[in-house]
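**Q** fold the following for me, if possible:
(3 chains)
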Amino acid sequence: MSDDLVLAVDGLKISIATDDGLACVLDHVDLRIPRGRIVGVVGESGCGKSTLVRAILGILPRAARVERGRILFGVEDLLRLSQRELTRRIRGKEISFIPQDPYLALNPVFTVGTQLLEIMRWHAGAGGNGDMGRRGHRARLVQLLRTVQIPDPEVALERYPHQFSGGQRQRLLIAGALACRPRLVIADEPTSALDVTTQLQILRLLRDLANRFGVSMLFVTHDFGVVAQLCDEVMVMYAGQSVETGQTAEILDRPRHPYTQMLIACHPDRARDLTGIPGTVASPLAPPPGCRFHPRCPSARAVCSTARPGAVVEAAGHEVSCVLYHGPVSHV
Amino acid sequence: MSERMILEVEGLETLLGGERRLLGRARPPVRAVAGVSLALRENEILGIVGESGCGKSTLGRTILGIQRETRGTIRLDGRAVSGLPPREARRARRDIQYLHQDAAAALDPWWSIGRSVEEALVITGVGPRAERAARIDRMLAAVGLEPALKRRYPHELSGGQLRRVTLARVLVLAPRIVILDEPTSGLDLSVQATVLRLIRELLAEFRLAYLFISHDLSVVRQMCDRVAIMYLGRIVELADTRRLFEAPAHPYTRLLLAAAPRLDPGQDLGDIPIHGEPPSPTAVPSGCAFRTRCPHGVALCAEALPMLEPVVDGHEVACHRWRDLAATPAVSTRPAP
Amino acid sequence: MLVLKKFARDTSGMVGLVIVLATAVVAVLAPRLAPHPLDAYESHPLQRLQEPSRQFLLGTDNLGRDVLSRVILGARAALTIAVLVVAGAMVIGVPLGLVAGYHRGWVPEIIMRVTDVFLAVPQLILALALAQLLGPSLKNAMLALTLTYWPFFTRIVFAETRRIRVSVFVEALQGLNAGALRVMFFHILPNAAPPIIVRATIGMGFTILSAAVLGFLGMGATPPDPEWGLAISESRQYLPEAWWFAAFPGIAIFLVVFGFNLLGDGLRDVVDPRLRRSR
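**A** Residues are numbered from 1 along each chain as shown, chains lettered A, B, ... in the order given. Predicted coordinates for the structure are as follows:
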């Protein structure tokens, strides 16, 4: 993996055994996160973005099976590491997570300080840079809270989660995510439960922290508008396949893949008439062969149903997986 | 769109909480709606925009009638229908129906959707059964659902389908006004587009009028004829949609427009300053409620509550300093598509 | 049906179901299953206190009656008491809980305080008091048990109704101007059913146990009823030599109560509206 990448997902394919059969949740996902950049993953429901996040964090359900692919973090393939290694070294420390709902992610019966300090001490003790001691951790935490703009950090540590507003709780979670100086932060729709103005404040905070600490970010969302505001690059997913990747401005300006084009056309800012995308997403239990979008694609050809098209580089850093761009067809 | 007002609301106030208990102290009531006046014309879509705590949901429920207003009048087609307890209010305001934000939660999970839709008719006393069935089938077709779905249960349907079911349930009662509470929340973008289109078609087909409550400015811009911006229980700006997006007068409106995510390749996080967070309605600042976050506040703002004044015909704003601010350009917004 | 399929995976629940069904079958067919059905009431002093043998599989009691037959016949009494008491408690308790949970103001206060008063009365003490007043009998025991069990239902139904009442779909129904009765009985009750069913099932076991205790104290069933608790009471003076006299009715009580408890736990997981499918 090149030195500029902090994470690279190659050809990931994951299935999950369910009561109704085998669900091919991810069919072929490629993702590259360069160092210090914010990469967005956009997709509608059923696209598999939650599974992708869980795969990176190593918290896939027991019924899930990785059929193919690698997740390279540094020189290691995360999929090959044991749960023990993931828990001690990676999760919370090298790769941390900001969940969607700040109301549910904090334990209501412990003070904020107790919860955040616990994270720090746990990781520090487990083979980190040595235990800084309780006071050292606390001082660092206060500094972090100041960085995320929580007023009166010393007092804040003694408060309980319900005493904070939604935006403040999200800041606390961000502080917790940064506590151990991770290389990669995964944010799963961290602002969808927040008001528009609070959302902008949080997005600005994330941008600022990414710039200041050189942290890379993976930002999962369904909102293209937020991607436009925050993300440097974006990967578009459909039904478990990555369909297009590139610089945000480029993709918004000239989307290549028919799905991306139709999706952007649905956005109220662009839509002249409200047509939507005909059809529905196929269930992962019975996915269409080849390119999974072909049943709904106006430009579909015969070859689209035989095999998934490989990615083609259209412009600098802009890749599309669609036969329309004469990509080599990979026989999967 | 006709000029006739089918709904007129004057000085509406709703206090929440403050129940007396048998033992223990009473909690002080919260003024969720603090003096709202608006009018809705036939075939019009009036958007109500605001962040959490602004009172838009309470306003919707008060106009509907399940929440009793504390003060103010509501007129339906000129008839006064305010000052009634919930059940009578609902009877008097039968022409107003409500679409909940969470369509899945708005349906009883133990009832098939066919029976849920039918129940609306049963409660109103429409019979016999054959006639109900006919109306239901017609309405399901109008919202784009197959009649076979009648036997399904809510958990077997998708978000878009559930939204259509709840639409069918209220429309089958032939209302004239529908209050839509965030009708696209939780829906994928592609499904959202079809639902919004459906909502537009139904407006024309059944000659309805909508109160469109939303926080999504892009959707509001696309769908609404006029927009009211709410902050802490009051309307702070009211204008035709185009005018509001092109020449917002109130600092809060400007803030919202700048903060709202837009699908603009050149967009960044902007530099408009945002101070603080939406305050809680339990602690409303004196004078103008927005002054704690407003970069243009002066002494007057803390002393006197600004009332709605006309900017031009059809555009009202509640701000002491709007004339000064009109001189400075607002954040540039893209022209409407 | 999807419900049965899901339930079948819960081993302990299935075991409970099997036990309960078996008990029900035994109760219904009791006279046919018992090898000496007349031993419900007849006595044969010459055969008293015989060890388990081929003729009397579980031995005989102090009046020479076949213990196996009396245990089988006892199942009838046990199930009858359980069903009547629980049904009675539900008929009183559930509507009270619904009304208390749905309304605000003084109505729920009164209902819940009355419920609290009844909850404070210990079941057995009330049963003894009634026995003193009206004379000991199975009917009075059932009355006492019903009067002390209904508050359990009221409390659960009250809590569930309070919870469901603020659901979005109830608000939607109010928007449609649905009346209180409709909302309470057609909408809130089905959604509150899971804990009610569980409480009812476990209550059956609990009632059988309580009835046995009352029978043991001589405040419930009276001789010569083949009730299990009564049998244990009668067997006391013949222990430890005639162990079979006490053991088998005791095992019967244990098994049936255990079965109901397992069934109740299994049902809790299964009563879920998402298992309903369109036909």
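**Q** please make it C-alpha for all contacts and neighbour counts, starting now.
**A** Fine.
**Q** contacting residues around residue 230?
**A** I'll assume chain A. By C-alpha atoms under 8 Å, 6 or more residues apart in numbering or on different chains, residue A:230 lies in contact with A:38, A:203-204, A:207, B:268-269.
**Q** wrong one, I was asking about chain B
**A** B:48-51, B:54-56, B:236-237.
**Q** and it, that one's in a strand?
**A** Yes: assessed with DSSP: H, G, I helix; E, B strand; the rest coil, residue B:230 lies in a strand.
**Q** in ChimeraX, select just the buried ones from the contacts of residue A:230.
**A** To isolate the buried members of these in ChimeraX, using 16 or more other C-alpha atoms under 10 Å in any protein chain shown:
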select /A:38,203,204,207 /B:268,269
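**Q** export stretch C:125-144 as PDB, just CAs?
**A** What follows is stretch C:125-144, C-alpha atoms only, in PDB (Å, rounded to 0.1, in the frame of the first residue of the first chain):
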ATOM      1  CA  ILE C 125     -53.700 -14.400  55.300                       C
ATOM      2  CA  LEU C 126     -56.700 -13.400  53.300                       C
ATOM      3  CA  ALA C 127     -57.500 -16.900  52.400                       C
ATOM      4  CA  LEU C 128     -57.300 -17.900  56.100                       C
ATOM      5  CA  ALA C 129     -59.600 -15.000  57.000                       C
ATOM      6  CA  LEU C 130     -62.100 -16.000  54.400                       C
ATOM      7  CA  ALA C 131     -61.900 -19.600  55.600                       C
ATOM      8  CA  GLN C 132     -62.700 -18.400  59.100                       C
ATOM      9  CA  LEU C 133     -65.600 -16.300  57.900                       C
ATOM     10  CA  LEU C 134     -67.200 -18.600  55.300                       C
ATOM     11  CA  GLY C 135     -65.800 -22.000  56.100                       C
ATOM     12  CA  PRO C 136     -62.900 -23.700  54.400                       C
ATOM     13  CA  SER C 137     -63.600 -24.800  50.800                       C
ATOM     14  CA  LEU C 138     -62.100 -24.800  47.400                       C
ATOM     15  CA  LYS C 139     -64.400 -22.100  46.300                       C
ATOM     16  CA  ASN C 140     -63.400 -19.800  49.000                       C
ATOM     17  CA  ALA C 141     -59.700 -20.500  48.400                       C
ATOM     18  CA  MET C 142     -60.200 -19.600  44.700                       C
ATOM     19  CA  LEU C 143     -62.000 -16.400  45.700                       C
ATOM     20  CA  ALA C 144     -59.200 -15.400  48.000                       C
END
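**Q** in that stretch, what counts as buried?
**A** Buried residues in stretch C:125-144, defined by neighbour count with 16+ other C-alpha under 10 Å: C:126-128, C:130-131, C:136-138, C:140-144.
**Q** redo those as JSON lines? Include distance to chain B, secondary structure and pLDDT.
**A** As requested, the buried residues of stretch C:125-144 are exported to JSON lines (distance: C-alpha to the nearest C-alpha, whole Å; DSSP: H, G, I helix; E, B strand; the rest coil; pLDDT from 0 to 100):
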{"residue": "C:126", "distance to chain B": "31", "secondary structure": "helix", "pLDDT": "80"}
{"residue": "C:127", "distance to chain B": "34", "secondary structure": "helix", "pLDDT": "74"}
{"residue": "C:128", "distance to chain B": "36", "secondary structure": "helix", "pLDDT": "77"}
{"residue": "C:130", "distance to chain B": "35", "secondary structure": "helix", "pLDDT": "78"}
{"residue": "C:131", "distance to chain B": "38", "secondary structure": "helix", "pLDDT": "73"}
{"residue": "C:136", "distance to chain B": "42", "secondary structure": "coil", "pLDDT": "77"}
{"residue": "C:137", "distance to chain B": "43", "secondary structure": "coil", "pLDDT": "80"}
{"residue": "C:138", "distance to chain B": "39", "secondary structure": "helix", "pLDDT": "80"}
{"residue": "C:140", "distance to chain B": "37", "secondary structure": "helix", "pLDDT": "82"}
{"residue": "C:141", "distance to chain B": "37", "secondary structure": "helix", "pLDDT": "83"}
{"residue": "C:142", "distance to chain B": "34", "secondary structure": "helix", "pLDDT": "86"}
{"residue": "C:143", "distance to chain B": "34", "secondary structure": "helix", "pLDDT": "87"}
{"residue": "C:144", "distance to chain B": "32", "secondary structure": "helix", "pLDDT": "85"}
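**Q** can you put these in CSV and add distance to residue A:214?
**A** Putting these into CSV (distance: C-alpha to C-alpha, whole Å) gives the following:
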residue, distance to residue A:214
C:126, 74
C:127, 76
C:128, 78
C:130, 80
C:131, 82
C:136, 83
C:137, 83
C:138, 80
C:140, 79
C:141, 77
C:142, 75
C:143, 75
C:144, 74
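**Q** how many other residues sit next to the closest residue to residue C:34 other than its chain neighbours?
**A** Once flanking residues are discounted, residue C:34 sits nearest to residue C:69: 4.6 Å by C-alpha to C-alpha, 6 or more residues apart in numbering or on different chains. Under the neighbour criterion other C-alpha atoms under 10 Å in any protein chain shown, residue C:69 is assigned a count of 26.
**Q** now residue C:69: how far from residue C:220?
**A** 20 Å (C-alpha to C-alpha, to the nearest Å).
**Q** residue B:293 now?
**A** 74 Å.
**Q** out of those two, which sits in the busier spot?
**A** Using other C-alpha under 10 Å as the criterion, residue B:293 and residue C:220 rank with residue C:220 on top: 29 against 17.
**Q** secondary structure class for that one?
**A** Under three-state DSSP, residue C:220 comes out as coil.
**Q** hang on, the earlier thing: in strands, which of the contacts of residue B:230 appear?
**A** In strands, judged by DSSP state E, the following of the contacts of residue B:230 are found: B:48-49, B:236-237.
**Q** present the residues you listed as a markdown table; the columns should include neighbour count and distance to residue B:85.
**A** Listed next are the ones in strands among the contacts of residue B:230 as a markdown table, based on neighbours: other C-alpha atoms under 10 Å in any protein chain shown; distance: C-alpha to C-alpha, whole Å:
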| residue | neighbour count | distance to residue B:85 |
| --- | --- | --- |
| B:48 | 26 | 25 |
| B:49 | 25 | 27 |
| B:236 | 27 | 29 |
| B:237 | 27 | 30 |
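**Q** going along the chain, name the strands of the stretch 151-300 of chain B.
**A** Ranges of strands within the stretch 151-300 of chain B are B:177-181, B:209-214, B:226-231, B:234-240, based on DSSP state E, counting those that start in this stretch.
**Q** need the ones you listed in CSV (columns: mean pLDDT).
**A** Converted to CSV, those look like this (pLDDT from 0 to 100):
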stretch, mean pLDDT
strand B:177-181, 96
strand B:209-214, 95
strand B:226-231, 96
strand B:234-240, 95
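**Q** okay if I get those strands as JSON lines plus distance to residue A:226?
**A** Formatted as JSON lines, the strands of the stretch 151-300 of chain B follow (distance: least, C-alpha to C-alpha, whole Å):
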{"stretch": "strand B:177-181", "distance to residue A:226": "22"}
{"stretch": "strand B:209-214", "distance to residue A:226": "17"}
{"stretch": "strand B:226-231", "distance to residue A:226": "22"}
{"stretch": "strand B:234-240", "distance to residue A:226": "26"}
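**Q** mind checking which of these is nearest residue C:265?
**A** strand B:177-181 (39.9 Å; C-alpha to C-alpha).
**Q** starting from the closest one, tell me which strands it pairs with and how they run.
**A** Sheet pairing here is set by DSSP bridges, and for strand B:177-181 it gives strand B:96-99 (parallel), strand B:209-214 (parallel).
**Q** ok, longest helix in chain C?
**A** helix C:67-102 (DSSP state H).
**Q** pLDDT wise, what is the closest residue to chain C within the stretch 1-150 of chain A at?
**A** Using C-alpha to the nearest C-alpha, the single residue of the stretch 1-150 of chain A nearest to chain C is residue A:19, 10.4 Å away. Looking at residue A:19, its pLDDT is 82.
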